[in-house]
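> Sharing a model that was predicted from the sequence below.
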Amino acid sequence: MGLNEATRAPGGAAQEPFAPDLSVRIGPLVLANPVGVASGTFGYGEEYAALLDLDTLGALYTKAVTVEPRAGNPAPRLAETPSGLLNSIGLANPGLEAFIRDKLPALRARRCAALVNVAGATVDDYVRVVEGIEAAGGVDGYELNVSCPNVKSGGMAFGTDPALVALVTESVRRATKRTLVVKLSPNVTDIRETARAAEGAGADAVSAINTLVGMAIDVKARRPRLAMKTGGLSGPAVKPVGVAAVYRISRAVKIPVIGLGGIMTAEDALEYLLAGADAVQVGTATFADPGAAFHVLEGIEAWMREHRVARVSDIKGLLEG
Ligand SMILES: Cc1cc2nc3c(=O)[nH]c(=O)nc-3n(C[C@H](O)[C@H](O)[C@H](O)COP(=O)(O)O)c2cc1C
């Protein structure tokens with residue numbers, strides 16, 4: 001179907017003013033718009049709150065929360081590569097108790113949706129974090145990080161095995177009725193298998209992609225540039241991997257797909273939406289420009305006006321070929 005056939009008002013004539021509907025439903029949650037900021041790149045929101053009006057975003061995905069506080073991995077844990085960023089942060093976070101005490105109240109007061117990114121080394125760890133936050137009043141939703149390449153146990157070990165993805169998803173599903181997103185690893189042969197496992201176990205949505213395992217070496221020093229030697233690659237370099245993942249996942253499951261990986265501009269986000277994403281997240285781009293997610297949102301809205309696309313969910317139907 002051509003763009004104009006899909007979106008023109010009956011009668012054929014373009015009507016003014018045209019106000020696209022940017023809202024997106026993810027499980028029980030309705031996001032005001034499809035643009036969120038990705039876990040680990042926006043803290044818990046407070047660092048940027050003085051600079052930006054976070055409440056205009058669709059969703060804030062927090063930095064990972066684990067049961068115990070984690071100092072993270074030794075430095076250096078960031079290295080720039082051509083068109084990408086390697087990180088081996090290792091889920092540094094204050095732990096569940098301090099999160100509930102120091103971060104949760106401000107998150108709960110936000111008008112934009114707040115989803116807590118949850119990580120752990122065992123299934124029980126994930127359940128304990130979600131149960132703890134639920135007992136403290138809850139948030140809008142949870143994003144299970146079963147895909148971190150930077151921790152020795154848990155993390156990616158979960159995310160590459162469909163049976164473990166199913167187990168952790170169904171265990172957390174029993175602990176909350178709120179929106180549950182499972183964040184998938186691209187470090188697999190066929191990402192559709194873990195997406196189907198998450199869907200079958202009760203996830204409301206999947207997000208893809210987390211970082212790709214990567215390594216960079218300082219040739220002069222003859223040393224790996226990260227203390228952990230390998231890390232997770234993000235940024236523009238990973239976008240084609242993310243777009244292909246979303247394209248394939250969205251044709252394999254019925255639940256919404258949240259696309260991320262290398263989104264720097266609205267056009268990048270539109271690639272994901274055309275590929276089949278229902279919503280997007282902006283990650284590494286925020287380090288270069290704290291306003292990146294806001295520019296992406298403005299650009300998507302402008303594109304929808306220009307092409308007279310009524311709803312965000314209409315965009316995925318507009319991919320030709
Ligand atoms: C410094 C850094 C820290 C991250 N921390 C987390 C995290 O705690 N939990 C998580 O699920 N993903 C984490 N990620 C992955 C991002 O959320 C995202 O999936 C990935 O970077 C790809 O998107 P991007 O290219 O837009 O950054 C982190 C990424 C970076 C660069």
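That came through, no problem. Given the structure is predicted, the values throughout are model-derived calculations rather than measurements. Numbers count the residues shown, from 1 in each chain.
> Tell me which helix or strand whichever residue of the chain sits closest to the ligand sits in.
The chain approaches the ligand most closely through Gly40 (1.9 Å), counting by Cβ to the nearest ligand atom. Just so you know, the C-beta spots here come from the backbone N, C-alpha and C atoms, and that holds for glycine as well. Of the helices and strands defined by DSSP states H and E, none includes Gly40.
> Touching, it and Arg77? I think so.
No - counting by Cβ atoms under 8 Å, Gly40 stays clear of Arg77, with 11.6 Å between them.
> With neighbour numbers in mind, choose between those two.
Between Gly40 and Arg77, Gly40 has the larger neighbour count (other Cβ atoms under 10 Å), namely 24 against 18.
> residues touching Arg178, list them.
Arg178 makes contacts with Gly27, Pro28, Leu29, Glu134, Gly138, Val139, Asp140, Gly141, Tyr142, as judged by Cβ atoms under 8 Å, 6 or more residues apart in numbering.
> do that again at 10 Å, thanks
Arg178 makes contact with 27-29, 115-116, 130, 133-134, 138-142, 204, according to Cβ atoms under 10 Å, 6 or more residues apart in numbering.
> hey, what's in contact with both of Gly40 and Arg77?
Counting by Cβ under 10 Å, 6+ apart, the common neighbours of Gly40 and Arg77 are Asn87, Ile89, Ala92.
> List the buried residues for the top helix by length along the chain?
Assignment by DSSP state H gives helix 292-306 as the longest helix of the chain. Across helix 292-306, burial judged by 16 or more other Cβ atoms under 10 Å covers Ala292, Ala293, Phe294, His295, Val296, Leu297, Gly299, Ile300, Glu301, Trp303, Met304.
> ok, now which ones touch the residue of the chain closest to the ligand?
61-64, 87, 89, 91-93, 117, 145, 148, 210-211, 232, 234, 283-284.
> 8 Å instead?
So Gly40 contacts Lys63, Ala64, Asn87, Ile89, Asn117, Gly283 (Cβ under 8 Å, 6+ apart).
> out of those residues, which are buried?
Lys63, Ala64, Asn87, Ile89, Asn117, Gly283.
> Would you mind listing what in this structure touches the ligand?
38-41, 63-64, 85, 87, 89, 91, 117, 145, 148, 183, 210-211, 234-235, 238, 260-263, 282-284 (Cβ under 6 Å from any ligand atom).
> sorry, back to before: which phi and psi does the residue of the chain closest to the ligand have?
Dihedral angles of Gly40 (phi, psi; degrees, to the nearest 10) stand at phi 90, psi -10.
> for the one 4 residues further on, same thing?
The phi and psi torsions at Tyr44 (degrees, to the nearest 10) take the values phi -110, psi 20.
> how close does Thr265 sit to Ile315?
As judged by Cβ to Cβ, to the nearest Å, Thr265 and Ile315 stand 16 Å apart.
> who has more neighbours, these two?
Set Thr265 next to Ile315 and count neighbours by other Cβ under 10 Å: Ile315 wins out with 26 against 15.
> got the contact list for that one?
For Ile315, the contact set (Cβ under 8 Å, 6+ apart) comprises Leu270, Leu273, Leu274, Met304, Val309.
> how about low-confidence regions in the protein?
Within the chain, the set of residues satisfying pLDDT under 70 comprises 1-16, 148-156.
> show me what contacts Thr211?
Residues in contact with Thr211 (Cβ under 8 Å, 6+ apart) are Asn87, Pro149, Pro186, Gly231, Gly232, Leu233, Ser234, Val238.
> err, Arg251, not the other one
Contacts of Arg251 by Cβ under 8 Å, 6+ apart are Gly276.
> quick one: it from Val257, how far?
Using Cβ to Cβ, we find Arg251 at a distance of 10 Å from Val257.
> now Glu298
Glu298 is 23 Å from Val257, by Cβ to Cβ.
> Run through the bridge partners of the nearest residue to Gly45 once chain neighbours are set aside.
Counting by Cβ to Cβ, 6 or more residues apart in numbering, Leu60 is the residue found nearest to Gly45 once chain neighbours are left out, at 5.1 Å. Judged by DSSP bridges, the bridge partners of Leu60 are Val37, Ala114.
> so Leu60 touches Leu107, yeah?
Yes - Leu60 lies in contact with Leu107 (Cβ under 8 Å); the separation is 7.5 Å.
> How about the secondary structure of Leu85?
On the three-state scheme (DSSP: H, G, I helix; E, B strand; the rest coil), Leu85 is labelled strand.
> Same question for Ala157.
Following three-state DSSP, Ala157 is assigned to helix.
> so who does the closest residue to Leu85 other than its chain neighbours touch?
In space, and not counting its chain neighbours, Leu85 is closest to Gly235: 4.8 Å by Cβ to Cβ, 6+ apart. Going by Cβ under 8 Å, 6+ apart, Gly235 touches Ser83, Gly84, Leu85, Gly262, Met264, Thr284, Ala285.
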